[in-house]
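>>> need a 3D model of the following:
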Amino acid sequence: MRRILIIMVLCLAALPLRAEQSRYETLMAALAQAPNRAEANRLTGEIWRIWLTAPDSAAQEVLDAAMIRRQAYDFIGAIEHLDRLVEGWPDYAEGWNQRATIYFLRGQFEASLADVEQVLAREPRHFGALSGRAVIYLQQGKLPLAQIAMREALVYHPFLSERFILQTDPGTDL
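Next up is the predicted model:
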């Protein structure tokens, strides 16, 4: 009887995770088919809220501290926190993405690209990481690679501002 009770408790605890995953999948599908920029922006905000919700309260505390450092332009401090985040919670894609962003802001493009690869290994649809990779390639003078990365990002978010890399307007066939 005790074993059955434990299994029931574990199953009930997983329900919010499944519901959140289902909501995330719905948001991602809706974003890919967004009819206009306003709707895409609304969906994007909801997706970012999910991405920026860490796996547990301890991870959230580390992420929040990193974001405060980032807002204060203390990139070294932010990286210290993000190092702890990716070491302690290596499966949390957004920890890698935030560190990739800081590396980009510091002009450390190779380190940023390495972290982008970590993000995409965990969430291949992360349009922020994909568009970030496109911008890095553009900064490095690798326009063909930038355009490939941008096309991939646009599959998931057709209204990204970085679309300029392709020199096409939303609604244009790629």
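>>> output stretch 88-100 as PDB, nothing but the C-alphas.
These are the backbone C-alpha positions of stretch 88-100, laid out as PDB (Å, rounded to 0.1, in the frame of the first residue of the first chain):
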ATOM      1  CA  GLY A  88      24.900  22.900 -11.000                       C
ATOM      2  CA  TRP A  89      22.000  22.500 -13.500                       C
ATOM      3  CA  PRO A  90      23.700  21.500 -16.800                       C
ATOM      4  CA  ASP A  91      20.400  20.400 -18.400                       C
ATOM      5  CA  TYR A  92      18.800  23.900 -18.000                       C
ATOM      6  CA  ALA A  93      19.200  25.400 -21.500                       C
ATOM      7  CA  GLU A  94      18.600  29.000 -20.500                       C
ATOM      8  CA  GLY A  95      21.600  29.000 -18.100                       C
ATOM      9  CA  TRP A  96      23.800  28.200 -21.100                       C
ATOM     10  CA  ASN A  97      21.900  30.800 -23.200                       C
ATOM     11  CA  GLN A  98      22.300  33.600 -20.700                       C
ATOM     12  CA  ARG A  99      26.000  32.900 -20.400                       C
ATOM     13  CA  ALA A 100      26.300  32.800 -24.200                       C
END
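>>> and that stretch, what's buried?
Trp89, Tyr92, Ala93, Glu94, Gly95, Trp96, Asn97, Gln98, Arg99, Ala100 (16 or more other CB atoms under 10 Å). Just so you know, the C-beta spots here come from the backbone N, C-alpha and C atoms, and that holds for glycine as well.
>>> same thing with stretch 65-76?
Buried, per 16+ other CB under 10 Å, within stretch 65-76: Ala65, Ala66, Arg69, Arg70, Phe75.
>>> return the list of helices and strands in contact with the strand or helix carrying the second one.
Ala66 belongs to helix 57-71 when assigned by DSSP states H and E. Helix 57-71 is packed against helix 75-88, helix 93-105, with contacts defined by 3 or more CB pairs under 8 Å, 6 or more residues apart in numbering; DSSP states H and E.
>>> mind putting those into a markdown table with mean pLDDT?
A markdown table is the format used below for these (pLDDT from 0 to 100):
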| stretch | mean pLDDT |
| --- | --- |
| helix 75-88 | 98 |
| helix 93-105 | 98 |
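>>> need those in TSV with distance to Glu46, can you?
Formatted as TSV, those follow (distance: least, CB to CB, whole Å):
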stretch	distance to Glu46
helix 75-88	22
helix 93-105	14
